[in-house]
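**Q** No letters, just coordinates:
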């Protein structure tokens, strides 16, 4: 047993733990960009039917996250808490991947809804357990910035691998439908490897709840209304909706206004995404100097100002356009990692006051805000475009007036909502000093209630991690 709680992970162990970010981010991008189009274009499903199926599943999936987060916090097994849920989530994700990416032509809407729900549940379980596990692995304020920076950077590689598959397939003359099949097999091969690597080599420190501290129904509201968490949740909502707005209008803007082909716009999108490999560690390093909430404000303001430079660039210049896309990608990579790291800090604050582990539930709530903003972004942006006279179907040429309105709409949404996210961080109280005091009190209390399941110790001994990575 340990009296001091979990130790900081080495960079090697952090990279090993980040392996699970590869399939999580790969499936996330594939589901958002390629899977719906695959059903409509290659499997012959009606576009409205596909859209309705995804909306039905999302409506079911959002409240499931809260239940999963609550269940994870209550779990206590010989394998651990989040390790056990990681093992549960992987088969769900793999089953959903197989039956969707390798689906035959002629599938029904019921088939689509059922297996999409299975896939979403698998993603939710893996993503929530991975985030909450990371919060327990990185006990200090700066450790969390570094660890979530590594997770974000590694996750970018997973998303980039999905972007690369259709590019390579097209170069080899593989049919478009074949790209989806390759994506499916890639995710099916990657998921068990990443899961096994993480559960065997990563320590898990489980803190015992304080006796007599029951969690009542009204305490859910107290979590949401807590000033520190409310600011984090509202920031996450704004920083999901702003970039989501940009993503929904991206192809329209870069083809109709900026003069690029769809292929060139895809290259610029890859530049934006890959910038996170550099941006995430850089933002994490800055956060250790400025604090997380101040770094978040810097990143949001930098994102907005850089985005506003796009109208100043010459039409159709791929090289010049790549520069602001790369810079905005660097700033955007900080949104997720800082939000996740601050949620972990709030979880410590809650555990000190309530005596209960609530990391899973807190991450479920922030995940819910991200999903809500994602569900709204397409509907809201397309409605606004229709109001300003832009025709997305190109049944008739858009006027210069409509194209100008497209640019205004494309820029105004992300800039306004991202800057609102920055405003949410004004007056944020959970500083590095405050968190250090919280951790000191938690470590003193944990010395009386510490526990490490025996089976976990056997797994860790078998993997032979360095002594600094062990949970004693």
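**A** It's in. Quick caveat: nothing in here was measured; it's all calculated off a predicted structure.
**Q** Flag every buried residue along stretch 88-107.
**A** 88-90, 92-101, 103, 107 (16 or more other CB atoms under 10 Å). C-beta: built from backbone N, CA, C; applies to glycine.
**Q** Mark which of the residues you listed are part of strands, please.
**A** Of those, none are assigned to strands by DSSP state E.
**Q** closest to residue 431 among those residues?
**A** Nearest to residue 431 among these is residue 89, at 33.9 Å by CB to CB.
**Q** can I assume the closest one is in contact with residue 120?
**A** No: using CB atoms under 8 Å, residue 89 makes no contact with residue 120, being 11.1 Å away.
**Q** ok, back up a step: among the buried residues of stretch 88-107, which lie within helices?
**A** Members of these lying in helices (criterion: DSSP state H): 88-90, 92-101.
**Q** Pipe those into TSV and attach pLDDT and distance to residue 296 per row.
**A** Listed next are those as TSV, based on pLDDT from 0 to 100; distance: CB to CB, whole Å:
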residue	pLDDT	distance to residue 296
88	96	33
89	96	29
90	96	32
92	97	32
93	96	30
94	97	35
95	97	37
96	95	33
97	95	33
98	96	39
99	95	39
100	92	35
101	92	35
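**Q** For residue 276, state which of those residues is nearest.
**A** Using CB to CB, those come closest to residue 276 at residue 93, 22.0 Å.
**Q** helices and strands around the strand or helix carrying residue 164, which ones?
**A** Using DSSP states H and E, the element containing residue 164 is helix 141-171. Secondary-structure packing of helix 141-171 (3 or more CB pairs under 8 Å, 6 or more residues apart in numbering; DSSP states H and E): helix 11-17, helix 21-29, helix 109-137, helix 176-201, helix 262-290, helix 318-354, helix 432-449.
**Q** Pick the most buried one from those.
**A** Of all the helices and strands packed on helix 141-171, helix 21-29 has the most neighbours on average by mean count of other CB atoms under 10 Å, namely a mean of 24.
**Q** Let me see the residues that make contact with that one.
**A** 93, 97, 119, 123, 126-127, 130, 151-152, 154-159, 161-163, 183, 186-187, 190-191, 194 (CB atoms under 8 Å, 6 or more residues apart in numbering).
**Q** Pick out the residue nearest the middle of this protein.
**A** In the chain, the C-alpha nearest the mean C-alpha coordinate belongs to residue 336, at 6.4 Å (CA atoms, centre = their mean).
**Q** Can you report phi and psi for the closest residue to residue 258 other than its chain neighbours?
**A** Spatial nearest neighbour of residue 258, excluding adjacent residues (CB to CB, 6 or more residues apart in numbering): residue 315 at 6.3 Å. Per-residue torsions, residue 315: phi -60, psi 140 (degrees, to the nearest 10).
**Q** Report the secondary structure state of residue 173.
**A** Under DSSP: H, G, I helix; E, B strand; the rest coil, residue 173 falls in the coil class.
**Q** again, but for residue 316
**A** Per three-state DSSP, residue 316 ends up coil.
**Q** Run a quick neighbour tally on it.
**A** Residue 316 is flanked by 13 other residues according to other CB atoms under 10 Å.
**Q** Surely it is in contact with residue 260?
**A** Yes: between residue 316 and residue 260 there is a contact at 6.1 Å, judged by CB under 8 Å.
**Q** Just send the helices and strands packed on helix 141-171 back as a markdown table, with distance to residue 235 and mean pLDDT too.
**A** Listed next are the helices and strands packed on helix 141-171 as a markdown table, based on distance: least, CB to CB, whole Å; pLDDT from 0 to 100:
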| stretch | distance to residue 235 | mean pLDDT |
| --- | --- | --- |
| helix 11-17 | 25 | 90 |
| helix 21-29 | 20 | 92 |
| helix 109-137 | 16 | 91 |
| helix 176-201 | 28 | 91 |
| helix 262-290 | 14 | 89 |
| helix 318-354 | 6 | 92 |
| helix 432-449 | 17 | 86 |
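**Q** And those helices: which comes nearest residue 230?
**A** Residue 230 lies closest to helix 318-354 among the helices and strands packed on helix 141-171, at 9.7 Å (CB to CB).
**Q** Now do the closest one and helix 109-137, the angle between them.
**A** Helix 318-354 runs at 70 degrees relative to helix 109-137, counting by axes from the mean of the first three to the mean of the last three CA atoms, to 10 degrees.
**Q** and helix 318-354, how far out from the chain's middle?
**A** In terms of CA atoms, centre = their mean, to the nearest Å, the centre of helix 318-354 is set 10 Å apart from its chain centre.
**Q** Tell me what angle the helix or strand just after it forms with helix 318-354.
**A** Counting by DSSP H and E, the next helix or strand C-terminal to helix 318-354 is helix 359-387. If you take the same axes, to 10 degrees, helix 359-387 sits at 140 degrees to helix 318-354.
**Q** in helix 359-387, what's buried?
**A** Applying a neighbour-count criterion of 16+ other CB under 10 Å, one finds 359-371, 373-377, 380-381, 384-385 buried in helix 359-387.
**Q** Point out where the stretch 351-472 of the chain drops to low pLDDT.
**A** Within the stretch 351-472 of the chain, the segments meeting pLDDT under 70 span 375, 378-379, 392-395, 449-472.
**Q** and the helix or strand hosting residue 222, average pLDDT?
**A** In this structure, residue 222 sits in helix 218-225 according to DSSP H and E. The pLDDT scores in helix 218-225 average 72.
**Q** What is the helix or strand following that helix packed up against?
**A** As assigned by DSSP H and E, the chain's next helix or strand after helix 218-225 is helix 227-252. In terms of contacts (3+ CB pairs under 8 Å, 6+ apart), helix 227-252 is packed against helix 218-225, helix 262-290, helix 292-307, helix 318-354, helix 359-387, helix 400-424.
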